[in-house]
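*Asks:* what follows is a predicted structure for the sequence shown.
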Amino acid sequence: MQSETFHSLQQHLNQQVIGQSALVEQLLVALLADGHILVEGPPGLAKTRAVKSLADCIEGDFHRIQFTPDLLPADLTGTDIFRPETGEFTFQAGPIFNSLVLADEINRAPAKVQAAMLEAMAEKQITAGRKTYRLPELFLVMATQNPIEQEGTYPLPEAQLDRFLLHLNVDYPDAEHELEILRLNRGEAKGEASQTLPKISQEQIFAARQEVLNIHMAETIEKYLVRLVMATRKPEQYDAKLAQWLELGVSPRATIALDRCARARAWLQGRDYVSPEDLQAMAFPVLRHRLLLTYQAQAEGVHPNQVITHLLALVGSA
């Protein structure tokens, strides 16, 4: 069992990223479920610190990419470089060739860069010229979006949003956690020694992923999962309000993501079975970015979280 190692990692991250336990848990869920995560929230809420702290504890390379409107696909993927001494072109790998990649403010990149990122996330490969290059076996993208600024941004298309396993909203910490953050920062500025970093090898991560896949899910839980998904596609069969809110339901990719994430959450909590609470907890980060709301819902200021809350109230687990 690899659970003790991951519990130590989770405790360490919670001490480094104070007041963001949900962010820490979802990062580990994405790692265990072999998926990518999109984090949205105001600046300064430790989004970068969280993934950097995770990278420090994992065997593998980490790279942060700052997305800007003038970024080119080659700046992300790499390109062929001419070598005068040999008279040949050789491929120079870009920053995407790392195990953990932080795509900072991904919605500032133009469509061509987003398309290159989509191929990397979906296929774990990139194409340069006529050749295709495989990315590392362990490959996790954590992308951030700043919801405050809209100028100079390129909204991610639904097809790319669907490639993210999870979408997490990060909010401000409370007063108690704010005080802990202040003291932690002061201690780091003084150079005070921190605790020993837990180290996890890639082999341990792959072994943990197999354990997650072996978590038991009863047939009743599977049917509950499918009912939740089907309710987004045929909302008129459940409730008039839900039908007014939903323009388009989620795809089978959401079904698979909810299954994998619920198993990962159960495993992190030390259980060998999936409970309805696992599905309900993971429904928000899994479905939030995949639901397409109607113009009426958007005009009324309806948030996807409201839709999911209403969905869970309508669809029973029994």
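*Replies:* The structure has been received and is ready for your questions. Keep in mind that this is a model prediction, so the values were computed, not measured.
*Asks:* give me the element Tyr133 is part of.
*Replies:* Tyr133 belongs to strand 131-134 when assigned by DSSP states H and E.
*Asks:* partner strands of that strand, with direction?
*Replies:* Paired with strand 131-134 in the same sheet, following DSSP bridges, are strand 125-128 (antiparallel).
*Asks:* quick one: buried residues of the partner strand?
*Replies:* Neighbour-count burial for strand 125-128, counted by 16 or more other Cβ atoms under 10 Å, picks out Ile126, Ala128. Just so you know, the C-beta spots here come from the backbone N, C-alpha and C atoms, and that holds for glycine as well.
*Asks:* equivalent analysis for stretch 233-244, please.
*Replies:* Buried residues in stretch 233-244 (16+ other Cβ under 10 Å): Pro235, Tyr238, Asp239, Leu242, Gln244.
*Asks:* centre-most residue in this protein?
*Replies:* When Cα atoms, centre = their mean is applied to the chain, the residue found nearest the centroid is Ile37 (1.0 Å).
*Asks:* beta partners for that one?
*Replies:* Going by DSSP bridges, Ile37 forms beta bridges with Met142, Leu166.
*Asks:* residues contacting it?
*Replies:* Gln26, Leu27, Ala30, Leu140, Val141, Met142, Ala143, Phe164, Leu165, Leu166, His167, Leu168 (Cβ atoms under 8 Å, 6 or more residues apart in numbering).
*Asks:* redo those residues as JSON lines? Include distance to Pro304 and neighbour count.
*Replies:* Shown next, in JSON lines, are these (distance: Cβ to Cβ, whole Å; neighbours: other Cβ atoms under 10 Å):
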{"residue": "Gln26", "distance to Pro304": "16", "neighbour count": "27"}
{"residue": "Leu27", "distance to Pro304": "21", "neighbour count": "26"}
{"residue": "Ala30", "distance to Pro304": "19", "neighbour count": "26"}
{"residue": "Leu140", "distance to Pro304": "24", "neighbour count": "26"}
{"residue": "Val141", "distance to Pro304": "21", "neighbour count": "25"}
{"residue": "Met142", "distance to Pro304": "20", "neighbour count": "30"}
{"residue": "Ala143", "distance to Pro304": "18", "neighbour count": "27"}
{"residue": "Phe164", "distance to Pro304": "14", "neighbour count": "25"}
{"residue": "Leu165", "distance to Pro304": "16", "neighbour count": "28"}
{"residue": "Leu166", "distance to Pro304": "13", "neighbour count": "23"}
{"residue": "His167", "distance to Pro304": "9", "neighbour count": "21"}
{"residue": "Leu168", "distance to Pro304": "12", "neighbour count": "24"}
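*Asks:* which stretches of the protein form strands?
*Replies:* Applying DSSP state E to the chain gives strands spanning 37-40, 62-66, 78-83, 88-93, 100-104, 125-128, 131-134, 140-145, 166-169, 246-248, 292-293.
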